[in-house]
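Peer 1: I would like the atomic coordinates for the input below:
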Amino acid sequence: MYRCSYKEFVTVLDFIGNYKKSFLMAIALNGKQDYDRDSLKLEVANDFADLPNGTYIHMDKITKEQILRQLENEKFMSLKYMKESYFSFKHVCGGKVPFLVDYLKHDGSIDPVRFTVFSPNYKTYFDFAAYIEKESHPEFSLINEDESFRQIMQLLSFYSPARRAEEWIIAETIFNSENYLASVDEIAEKARKYLSFVNKTSVVHACQTLSGTYFDTSEKTRYEKAIFNFDGTSVSFNKNTVDSLENSRFSAQKKLWVEDLIQYNLLRYQNEFGSDDYSENGTLPFLKLYQKYTMRDAALLCDYTKIHSSFRGQGLITSAKPDYFLFVNLHKDVDIKDSINYADKFITPDHFQWQSPNSTTQNSEVGQNLIRNIERKIRLHLFVRKFEKVENITQPFTYLGQVSTFPGSAEGNKPITMKFALHSRVPDELFNDFITRTDKMGKNSDN
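Peer 2: Sure, this is the predicted structure:
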């Protein structure tokens, strides 16, 4: 290796002595704290095309295969990596325990929501912090022994990160009130600070949501000490929550953590959604293009007035008519049953092939609504995810907007195969991500 005469210096990245961990090069070149196996594989496959300042990376085939194989075998959603990410960020924060809002102050930091999804042992960020800091901050574990505090943190964290602002505006308004109580009118007025259009129906629906109206039996039991009180005109914290925040040991610290959770979600909502109205002039659902959602999020965002855990189905939810919700797993597992191995795929960035559930016929009411959706004024909303799970973690869907069925494109029955025109063309980068089969990378290489 030598330096060209017209160059001042040459930079060498030496991974030879650590070839068994060549995948660390992918992490280093990625340059972000928030990464996962799928995103790293995509970066390697594309030779890190997103690097700034005209930087160009080229890896030979053998090197790529080695790195992809190692990435495939590495468990990034593990306690080991979560601890490393946490302590790395804690160092950035000057050694103090990071609050959730601190993660919003530093670009490229890990998404703290990941601390609550990699393991069922940590329902909240505070659960994780209490475990990690059990030696240096033993009071955290003592705080978490308060069941009322645990439940209010878990109830609020259940809706984190915020996909609509109303729940968090309610929580903030109540938290800052003198008696932990606020009227619907007061909350609606407060919402004008965050939203360009305030839908009173959604404010009431959010009050009902936090009061457990749409919880199933197990959820009501799980959050019984935290469910809000709502009488139709005013909403308040549960008595157990008030006692925990006012009349128990460590009350001041508990308040800090509850306030942090509320402020984090309001700030993150502002960062991701701004004050814009995505509900088509006040109609529902409130969905932003290319944002990530779960099926349950969709129930929340269309003001669904039945049990929210029931808002699910085999890729098609029709219970919120005139809105139909289509959820697609783009790349299926190799061992998937033939009966649900639907041939869903992109044709182009603005054309999509979709198959209905295998019980649907063309002459059925649902079939006709799908085929003649424009004529029947049925709004079809398309949500897509590459894989159902990555590292055994269920993935959210990306909202691709409304679609319309091409006339004459419907074929067959049980299932019906049809082609959609997307109202919004999928951006090239996102489209390339969707069609790249990273799940196969690193699996067929020799050891």
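
Peer 1: for the residue lying closest to residue 123 once chain neighbours are set aside, helix, strand, or coil?
Peer 2: In this structure, residue 123 finds its nearest non-sequential neighbour in residue 154, 4.8 Å apart by CB to CB, 6 or more residues apart in numbering. Just so you know, the C-beta spots here come from the backbone N, C-alpha and C atoms, and that holds for glycine as well. What DSSP: H, G, I helix; E, B strand; the rest coil gives for residue 154 is helix.

Peer 1: cool, and residue 198?
Peer 2: Residue 198 is classified as coil under three-state DSSP.

Peer 1: give me the pLDDT for the closest residue to it other than its chain neighbours.
Peer 2: Leaving aside its chain neighbours, residue 198 sits nearest to residue 191 (4.6 Å; criterion: CB to CB, 6+ apart). We note a pLDDT of 98 for residue 191 in this prediction.

Peer 1: please give me every residue in contact with residue 191.
Peer 2: For residue 191, the contacting residues are 165, 166, 169, 198, 203, by CB atoms under 8 Å, 6 or more residues apart in numbering.

Peer 1: count of residues packed around the first one?
Peer 2: Residue 165 is surrounded by 24 other residues when neighbours are defined as other CB atoms under 10 Å.

Peer 1: again, but for the third one
Peer 2: Neighbouring residues of residue 169 were enumerated by other CB under 10 Å; the total is 27.

Peer 1: where do the helices sit along the stretch 301-447 of the chain?
Peer 2: Under the criterion DSSP state H, counting those that start in this stretch, helices of the stretch 301-447 of the chain are mapped to 365-371, 428-435.

Peer 1: worst mean pLDDT among those helices?
Peer 2: Here the lowest mean pLDDT among those goes to helix 428-435, at a mean of 92.

Peer 1: which residues sit against it?
Peer 2: 42, 46, 290, 330, 346, 349, 384, 386, 398, 426.

Peer 1: same question, stretch 116-132
Peer 2: With CB under 8 Å, 6+ apart as the contact definition, stretch 116-132 has outside contacts at 77-79, 82-83, 86-87, 97, 100, 112-113, 115, 137, 140-141, 143-144, 150, 153-154, 157, 160, 257, 261, 393.

Peer 1: ends of that stretch, how far apart?
Peer 2: This stretch, stretch 116-132, spans 13 Å end to end (CA to CA, to the nearest Å).

Peer 1: so for it, mean pLDDT?
Peer 2: 97.

Peer 1: buried stuff in it?
Peer 2: 116, 118-119, 122-132 (16 or more other CB atoms under 10 Å).

Peer 1: what of stretch 275-285?
Peer 2: Within stretch 275-285, the residues scored as buried using 16+ other CB under 10 Å are 278, 279, 284, 285.

Peer 1: tell me the contacts of the residue nearest to the last one when sequence neighbours are not counted?
Peer 2: If I follow you right, that is residue 285. Once flanking residues are discounted, residue 285 sits nearest to residue 302: 3.8 Å by CB to CB, 6+ apart. By CB under 8 Å, 6+ apart, residue 302 lies in contact with 284, 285, 286, 320, 323.

Peer 1: OK, contacts around the residue nearest to residue 123?
Peer 2: By CB under 8 Å, 6+ apart, the contact set of residue 154 is 123, 124, 222, 223, 226.

Peer 1: before we move on, back to that, now, the buried residues of stretch 275-285 that are in strands?
Peer 2: Among the buried residues of stretch 275-285, no member is found in strands (DSSP state E).

Peer 1: report the lowest-confidence entry in the residues you listed.
Peer 2: residue 284 (78).

Peer 1: now do the phi/psi pair for the residue nearest to it when sequence neighbours are not counted.
Peer 2: Counting by CB to CB, 6+ apart, the nearest residue to residue 284 once its immediate chain neighbours are dropped is residue 302, at 4.8 Å. Backbone geometry at residue 302, expressed as degrees, to the nearest 10, gives phi -110, psi 20.

Peer 1: just the pLDDT for residue 302.
Peer 2: Looking at residue 302, its pLDDT reads 94.

Peer 1: against residue 271, how distant is it?
Peer 2: As judged by CB to CB, to the nearest Å, residue 302 and residue 271 stand 23 Å apart.

Peer 1: what's around the closest residue to residue 389 other than its chain neighbours, how many residues?
Peer 2: Leaving aside its sequence neighbours, residue 389 sits nearest to residue 395 (CB to CB, 6+ apart; 6.3 Å). By other CB under 10 Å, 17 other residues sit near residue 395.

Peer 1: got the contact list for residue 395?
Peer 2: Residues in contact with residue 395 (CB under 8 Å, 6+ apart) are 385, 386, 387, 388, 389.

Peer 1: ramachandran angles for the second one?
Peer 2: Residue 386 adopts backbone torsions of phi -70, psi -50, taken as degrees, to the nearest 10.

Peer 1: could you verify my assumption that it touches residue 37?
Peer 2: No. If you go by CB atoms under 8 Å, residue 386 and residue 37 don't touch, sitting 11.8 Å apart.

Peer 1: now do the shared contacts for those two.
Peer 2: Joint contacts of residue 386 and residue 37 (CB under 8 Å, 6+ apart) are residue 438.

Peer 1: and the residue nearest to residue 236 when sequence neighbours are not counted, how far from residue 400?
Peer 2: Distances taken as CB to CB, 6+ apart place residue 181 nearest to residue 236, at 3.9 Å, with adjacent residues excluded. Going from residue 181 to residue 400 by CB to CB gives 41 Å.

Peer 1: give me the more crowded residue out of those two.
Peer 2: When residue 181 and residue 400 are compared for neighbours, residue 400 comes out ahead with 27 against 15, by other CB under 10 Å.

Peer 1: contacting residues around that one?
Peer 2: The contact partners of residue 400, by CB under 8 Å, 6+ apart, come to 289, 290, 352, 382, 383, 384, 422, 424, 426.

Peer 1: for residue 404, grab the count of nearby residues.
Peer 2: Applying other CB under 10 Å, we find 14 residues neighbouring residue 404.

Peer 1: actually, residue 58.
Peer 2: Close neighbours of residue 58, defined as other CB under 10 Å, add up to 8.

Peer 1: am I right that it falls within a strand?
Peer 2: No. Counting by three-state DSSP, residue 58 falls outside a strand, being coil.

Peer 1: name the spans of the chain whose pLDDT lies under the cut-off.
Peer 2: The chain contains residues with pLDDT under 70 at 1-3, 12-22, 24-25, 27-28, 30-34, 49-56, 334-340, 443-447.
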